[in-house]
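Trainee: Below: sequence and its predicted model.
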Amino acid sequence: MVTQDAADGQSLAQDPWQWWRRQMPIIQRWAYFDHAAVAPLPAPAAAALVDFAQAASEQGDTVWPEWSANLGRLRSGIATWLHASPDEIALVPNTTFGINIVAEGLRWREGDNVVIPGGEFPSNHFPWQNQERRGVELRVVPSPGGRVDLDGIRRAIDGRTRIVAASWVGYASGYRLPLEQLCELTHEAGALFFLDAIQGLGVFPLDLSATPVDFLAADGHKWMLGPEGAGVAFIRHAHLDQLDCTAVGWHSVVGGHAFDASQFQLRDAASRYEGGSMNMAGLIAMHESLKLFWEVGSQHGAEAIGERILTLHAHAREALQRNGASLISDWPEANRSGIVTFQTRGPDPADVRNRLAEAGIAVSCRGGGIRASIHAYNTTEEIDRMAEAIR
C-alpha cells in the first residue's frame, strides 16, 4: 500500500506543478493571477497558523522554545536557498522595514546621493527620499515604459553616490532587471547596491555568493505564498558595521535572553536589526510555504520554477493577444517575469477586473491596464479561461 506521503513524493518527482496545485485550496474557487499583490496561502501554511493559534490558546508560552527553534530553521533554510550565511539573514515584517534598515542606518554625509529607476514602488522610493532631511539627494532616472535604463543609471552615479536601489521586477511593468549588469556598474562606480526583491524572490533563483547584491529585502506574501507581516532581509556581513542599528531591543544584543544581565553588545549578525519579539505565527507559516519551493528546487533544479512561470507567461501573451487584448509591456525573454500587463478595447481596467472576478478570475489593475501575475501552480487551462473571458 502506498502512503499519502509516498504518493505525494511520486507526484512531486513526476509532475511538480500538479503536486503543487494539490497544496493550493484557492484553485477550488479561483483562477488566481494576483500573486504580485497578495498571494493565497498554501494548505500547509494555513494549517501552521491554525496549529500556532491552538497551541498559543492551550499551552501559552510553554511551546515558545519550539517556535523559536522553527525560526532558527527558517533562517538557516533561507540562507542555504540564497547561498548566504545565516548571520546575513534578518527576519522582518515587510519589505519597507528591510529597506529602512539601510536607508536609516547608513551614516550619510550632506551631499551624498541615492540613485533609483523611475516607476519604483513607493516602498523603494520614500525611504530614500526621506533622507533629504539629512542633505541627501535622490536621483530618479526615467524608465520609459518600465524598462530600467542602465546607461542612464551609470550617468547618474558620481563620486557621492552611496546607494543604487532598484526592484528586481517592476511591480506594474513586469520588467526584470539584468541584475548582474546593474550590480557590476554600481560597484565599478564605488557605490552599494540594494535590491527590492519582492516581485522576484520565489520565482527566480538568486545565488548571493555569485551575484554581489549588498542588501536585499522582500515580503513573503507575494510570490513566496506566505502571510502578510513576514519577510526576509539580507545584509552582507562585510557591511554590518556601515549601518547603525537605529531600532534596538533585547533581540539586538548578544545574550539577549539574559534580561537581568544583558549588556549593550550588538550581535555580529543581521539579526541585530530585528529588535524585539517577532511575528512568530507569520514566519512559521512562511516557512511552510517556502518548503514547497525548496522541495521543487531540490528535485527539479533551482531554475525549474522560473522556467515554468516564463512558459506560462508566453502562453498568456499569445492567448491574450489572440482574444483581442494588447500587451502594454512586451519585453525580451531575458527581462520577462510572472507579470503580464495588458489592456482591452473598450471597458475601463477596473470594470474588466470586476467582470473577471465575477467569472472567478483574480487580477489587478496596475500600470494603466490589467495585471495578471502568474505562478508556477497555475495552468494553461486557467490562462485560456481568462483570455476567453477577455474576448
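Mentor: Okay, I see it. Numbering: from 1, shown residues only.
Trainee: so residue 55 touches residue 64, yeah?
Mentor: No - counting by CB atoms under 8 Å, residue 55 sits too far from residue 64 to count as a contact (9.7 Å). No exception for glycine: its C-beta is placed from N, CA and C like everyone else's.
Trainee: so what's the residue nearest to residue 198 when sequence neighbours are not counted up against?
Mentor: With sequence-adjacent residues excluded and distances taken as CB to CB, 6 or more residues apart in numbering, residue 198 is closest to residue 218, at 4.5 Å. Applying CB atoms under 8 Å, 6 or more residues apart in numbering, we find residue 218 in contact with 95, 98, 196, 197, 198, 200, 201, 224, 231, 232, 233.
Trainee: The second one - how many residues pack around it?
Mentor: Read it as residue 98. 30 (other CB atoms under 10 Å).
Trainee: did I read that right, it in a strand?
Mentor: No - assessed with DSSP: H, G, I helix; E, B strand; the rest coil, residue 98 is helix; it does not lie in a strand.
Trainee: State the distance from the residue lying closest to it once chain neighbours are set aside to residue 191.
Mentor: Counting by CB to CB, 6+ apart, the nearest residue to residue 98 once its immediate chain neighbours are dropped is residue 217, at 2.5 Å. Noted for residue 217: a distance of 18 Å to residue 191, by CB to CB, to the nearest Å.
Trainee: Also residue 249?
Mentor: Counting by CB to CB, the gap from residue 249 to residue 191 is 31 Å.
Trainee: Neighbour count for these two, which is higher?
Mentor: More crowded of residue 249 and residue 191, by other CB under 10 Å: residue 191, with 21 against 13.
Trainee: which ones are touching residue 141?
Mentor: 115, 116, 117, 118, 149, 152, 153, 156.
Trainee: Let's have those residues in JSON lines, adding neighbour count.
Mentor: Converted to JSON lines, the contacts of residue 141 look like this (neighbours: other CB atoms under 10 Å):
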{"residue": "115", "neighbour count": "26"}
{"residue": "116", "neighbour count": "25"}
{"residue": "117", "neighbour count": "27"}
{"residue": "118", "neighbour count": "14"}
{"residue": "149", "neighbour count": "15"}
{"residue": "152", "neighbour count": "16"}
{"residue": "153", "neighbour count": "22"}
{"residue": "156", "neighbour count": "19"}
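Trainee: re the thing from before, quick one, which of residue 55 and residue 64 is more surrounded?
Mentor: When residue 55 and residue 64 are compared for neighbours, residue 55 comes out ahead with 17 against 13, by other CB under 10 Å.
Trainee: starting at the chain centroid, how far to stretch 308-322?
Mentor: 22 Å (CA atoms, centre = their mean, to the nearest Å).
Trainee: Residue 335 and residue 110, how far apart?
Mentor: 37 Å.
Trainee: between those two, who's got more neighbours?
Mentor: With neighbours defined as other CB under 10 Å, residue 335 and residue 110 compare such that residue 335 has more, 18 against 9.
Trainee: per-residue confidence for the more buried one?
Mentor: Listed pLDDT for residue 335 reads 97.
Trainee: Which residue, neighbours along the chain excluded, lies closest to residue 277?
Mentor: Leaving aside its sequence neighbours, residue 277 sits nearest to residue 251 (CB to CB, 6+ apart; 7.4 Å).
Trainee: Okay, the one you found and residue 267: tell me how far apart.
Mentor: The gap separating residue 251 from residue 267 is 8 Å, by CB to CB.
Trainee: just residue 382 next, same as before
Mentor: In terms of CB to CB, residue 382 sits 45 Å off from residue 267.
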